[in-house]
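A.B. asks: next comes the sequence, and after it the predicted model I'd like to discuss.
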Amino acid sequence: MQATLLSLLGLALFSVLHGQEEVTVQPDFQQEKFTGKWYSIGLASSSRWFMEKKQVLKMCTTVITPTADGNLNVTSTYPKFDRCEKRNSLYIKTEQPGRFSYTSPRWGSQHDIRVVETNYDEYALLHAKKFKGTDTSTMVTLYGRTTELNPKLQEKFTQFSLAQGLPEDAILLLPKTDKCMTEAA
């Protein structure tokens, strides 16, 4: 009886962990429609950095532009103390449309980024897995083309984040701010 219970628990745990790894990508992803200006509406993460800083995070802008070789330049502008800070990232396309890789030049971490779902003109839901040494963390981002999103989309973000194993206290709908919203690239 105990062996059967342990087997079932092991199978259930394997299914949960396996499900977290198999995040799907938007079917028929159209990169040209994905580019442009987005607002970060929600952020969820298992990283230590996020848990330490989440109380000061605010909504920011992200501008996505294509490169000549089909990759994506991603520029985020966000308030930091009394100034606006920009962070530039180069998302390298993979063989799977809607899936990108990124290596942080500052920290050396590897990122597997997937556009999980988007309708291109209203919202986008992204999933990222970060690897550095033996550490792995998950981040889910909800983007909107405007600073306001339908509550059903916010709930979809929350439910998807929970399904990735992120606890409720690691899920944040970012507070609005006027700071740095017009400074975006």
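C.D. replies: On my side now, so go ahead. Numbers count the residues shown, from 1 in each chain.

A.B. asks: pretty sure Thr118 contacts Pro27?
C.D. replies: No: using CB atoms under 8 Å, Thr118 is not in contact with Pro27, being 10.7 Å away. Placement of C-beta: from N, CA and C, glycine included.

A.B. asks: more neighbours, the two?
C.D. replies: Between Thr118 and Pro27, Thr118 has the larger neighbour count (other CB atoms under 10 Å), namely 19 against 8.

A.B. asks: how near is the more buried one to Asp112?
C.D. replies: Separation of Thr118 from Asp112 (CB to CB, to the nearest Å) stands at 17 Å.

A.B. asks: can you check Phe157 too?
C.D. replies: Counting by CB to CB, the gap from Phe157 to Asp112 is 19 Å.

A.B. asks: comparing these two, which residue is more hemmed in?
C.D. replies: When Phe157 and Asp112 are compared for neighbours, Phe157 comes out ahead with 24 against 16, by other CB under 10 Å.

A.B. asks: doesn't the more buried one fall inside a strand?
C.D. replies: No: counting by DSSP: H, G, I helix; E, B strand; the rest coil, Phe157 is not part of a strand but helix.

A.B. asks: low-confidence stretches in this protein?
C.D. replies: With pLDDT under 70 as the threshold, the chain has low-confidence stretches at 1-21, 183-185.
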